[in-house]
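Participant: Structure for this input, please:
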Amino acid sequence: MQEAPPHEWLKRMMKPSVENADNEWLGPNGDVWEVNGPGAQEFHDFHPTKHELITLAKYWAEAAIDTEFGWFLGKWLFSSELRSQPFAWQRVNRIRALIGKEVDEAIEHVYQTYGAKQDKQAWEAFRHRSASHQTALREAFEQSICRIASR
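Facilitator: As a prediction, the model looks like this:
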């Protein structure tokens with residue numbers, strides 16, 4: 001019996017338990033319900049409206065932004081986030097390809113509303129990634145640690 005080429009073996013190994021147009025490369029391990037688990041099932045007989053697609057783009061953009069902001073703040077990184085974050089942007093990009101500019105406006109709205117709920121200094125550092133924002137955030141963090149330690 002001839003063995004399959006290595007890339008074919010890898011392709012079979014990476015096949016998610018539930019396939020859809022955006023999760024082929026995410027793999028089966030560590031199923032994330034809405035990404036490569038049962039919640040990822042597509043329904044080809046359903047045709048979403050433009051409004052519904054924009055709502056979905058906002059949902060996935062917020063999911064990706066939440067993960068990225070968490071990573072930026074140094075929170076733990078789990079395998080589920082390694083699947084959900086790129087999947088989220090893939091979904092947004094697919095919707096953007098259909099609708100265009102309105103999705104970009106919706107994403108900017110998500111950034112604004114999400115950011116309004118965050119620490120202002122941390123959010124500015126995340127959004128702008130400038131050295132001055134990073135330094136200000138680090139100094140604020142160090143001051144907080146000093147206050148806690150002096151109690």
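Participant: switch to C-alpha atoms for all contacts and neighbour counts from now on
Facilitator: Will do.
Participant: tell me what the helix or strand H51 falls within is packed against?
Facilitator: For H51, the element it lies in under DSSP states H and E is helix 50-72. In this structure, helix 50-72 packs against helix 79-99, helix 101-116, with contacts taken as 3 or more Cα pairs under 8 Å, 6 or more residues apart in numbering; DSSP states H and E.
Participant: Now do F43 against T113, distance only.
Facilitator: Going from F43 to T113 by Cα to Cα, to the nearest Å gives 30 Å.
Participant: of the two, who's got more company?
Facilitator: T113 (12 against 8; other Cα atoms under 10 Å).
Participant: For that one, report the pLDDT, please.
Facilitator: Here, the pLDDT recorded for T113 equals 98.
Participant: quick one: contacts for Q85?
Facilitator: With contacts defined as Cα atoms under 8 Å, 6 or more residues apart in numbering, Q85 is in contact with A63, A64, T67, E68.
Participant: what comes into contact with stretch 49-67?
Facilitator: With Cα under 8 Å, 6+ apart as the criterion, stretch 49-67 contacts 81, 84-86, 88-89, 91-92, 95, 99, 102-103, 106-107, 110-111, 114.
Participant: Could you list the low-pLDDT ranges of this protein?
Facilitator: Applying pLDDT under 70 to the chain flags the ranges 1-19, 24-31, 33, 36, 76, 133-134, 136-145, 147, 149-151.
Participant: can you rerun that using 80?
Facilitator: Across the chain, the stretches falling below the confidence threshold (pLDDT under 80) are 1-42, 75-83, 129-151.
Participant: I'd like to know how many residues surround K75.
Facilitator: Around K75 there are 11 residues (other Cα under 10 Å).
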